[in-house]
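Q: Below are the sequence and a predicted model; questions follow.
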Amino acid sequence: MSQSLSQIYVHIVFHIKNTSVDIRQCDKEHLYAYMGSVINSNQSIPILINGTENHVHILCVLSKNIAVAKLVENIKRHSSRWIKTLDDYYLDFAWQGGYGAFSVSPSVHDRTVKYIANQEEHHKTQTFKDEHIRFLKMYNVEYDERYLWND
């Protein structure tokens, strides 16, 4: 084949450090827009970004030219630097080192969009920890819970 083609939907999830300040409601829209621009600059396509005061969900089309780890590293590094420029409230802001990345088949694309869009409501009944473990189990990802929540 003379051409490299791909269409890989990825659901990415990551959390703030335990010592970090929360993301304020009034800053979320701007933060998500900035993250979208970082995703675009990495030749990937943001579909939806949403979350709560302590974590973010991203659904995107992953470029054939970048590894998931590098994309997440770039999103976290650039968004952390950017949010610190908003005001002194965010001087101690930081993301945790880890992340979750889950493939999304076209058959559940719309359901994933609805799930991400409904984060505030969803987290009224389920903690981030419970949600993350549910994803790990659903995708059969091996993990050691002793290391999931360390910064």
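A: Here it is on my side, so go on. Numbers count the residues shown, from 1 in each chain.
Q: Please make it C-alpha for all contacts and neighbour counts, starting now.
A: OK.
Q: what ranges do the strands span in the chain?
A: 8-15, 45-51, 55-62, 100-104 (DSSP state E).
Q: For the second one, which strands pair with it and how are they oriented?
A: Its sheet considered, strand 45-51 pairs with strand 55-62 (antiparallel) by DSSP bridges.
Q: what pLDDT, on average, does the strand it pairs with get?
A: Strand 55-62 shows an average pLDDT of 97 in the prediction.
Q: can you redo the strands of the chain as TSV with mean neighbour count and distance to Gln126?
A: Formatted as TSV, those follow (neighbours: other CA atoms under 10 Å; distance: least, CA to CA, whole Å):
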stretch	mean neighbour count	distance to Gln126
strand 8-15	21	15
strand 45-51	20	13
strand 55-62	22	13
strand 100-104	16	17
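Q: For Phe135, which of the ones you listed is the nearest?
A: For the strands of the chain, proximity to Phe135 was assessed by CA to CA; strand 100-104 is nearest, at 8.2 Å.
Q: For that closest one, what is the distance to the chain centroid?
A: Chain-centre distance of strand 100-104: 10 Å, with CA atoms, centre = their mean, to the nearest Å.
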